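>>> Sequence first, predicted coordinates after that:
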Amino acid sequence: MSTAVWAFIGVVVGGLLTVAAQATAESLKARAAERARQDQRARASREFQRQTLIELQAAMAEYRAALDRDRGQILPLRGTEAQVSAARSRYQMLVHRVSSSPAREAALRWEEAALPWFQRDDAGTAAAEAQAWETAMRVTGEAVRATD
């Protein structure tokens, strides 16, 4: 074979190797970019959950305080009822945003124990409400720390 044929084969092989190398490099860049996007989404999700859990704890405290104010009154006052309603709405919105099942379930169990107690129902006791409150705060706190 002549030198021209070998040169032509060399150019073709070199071109194919160059295309293969470029394709490999682009593929590696695309994978790295995808991993970076996934990491960013995971961080954003963890931060959203962390903020939601912190807001849920605050909403529970606000809801509990509103229920306590309402319980302390002989006749229901319109302003107190509005506070209870607003606090409950905020609590319910946040509790269903929480992705941690144990935290969500503990918060819902607290509400189940709190409502009868604060509404002076014989089925609810202060001890049951206090125990459910402690559990809900502990579990949501653990869920907050787990997002770090």
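Right, received. Where do you want to start?
>>> Ignoring the adjacent residues along the chain, who's closest to residue 129?
The shortest distance from residue 129 to any non-neighbouring residue, by CB to CB, 6 or more residues apart in numbering, is to residue 117 (4.3 Å). Every C-beta, even on glycine, is put in place using the N, C-alpha and C of the backbone.
>>> So the one you found versus residue 2, what's the distance?
When CB to CB, to the nearest Å is the yardstick, residue 117 and residue 2 sit 99 Å from each other.
>>> Looking at these two, which has the bigger crowd around it?
residue 117 (20 against 7; other CB atoms under 10 Å).
>>> got the contact list for residue 134?
With contacts taken as CB atoms under 8 Å, 6 or more residues apart in numbering, residue 134 has no neighbouring residues.
>>> And it, how far from residue 33?
Counting by CB to CB, the separation of residue 134 from residue 33 is 46 Å.
>>> can you check residue 126 too?
56 Å.
>>> Could you point out the longest helix of this protein?
helix 3-71 (DSSP state H).
>>> And the next helix or strand past that one?
helix 78-95 (DSSP states H and E).
>>> In terms of pLDDT, where does residue 78 sit?
The model reports residue 78 with a pLDDT of 72.
>>> I'd like the numbering to begin with 43 instead of 1 from here.
Understood, numbering begins at 43; the last thing we discussed is residue 120.
>>> Which residues are in contact with the spatially most central residue of the chain?
Nearest to the mean C-alpha position of the chain, by CA atoms, centre = their mean, lies residue 91 at 2.3 Å. When contacts are counted by CB under 8 Å, 6+ apart, residue 91 touches 140, 141, 142, 185, 189.
>>> how does it look with 7 Å?
141, 189 (CB atoms under 7 Å, 6 or more residues apart in numbering).
>>> ditto for the one 5 residues further on
The contact partners of residue 96, by CB under 7 Å, 6+ apart, come to residue 186.
>>> could you measure it against residue 187, distance?
11 Å.
>>> Pass me the low-pLDDT residue ranges in this protein, would you?
Within the chain, the stretches with pLDDT under 70 are 43, 114-118, 163-166.
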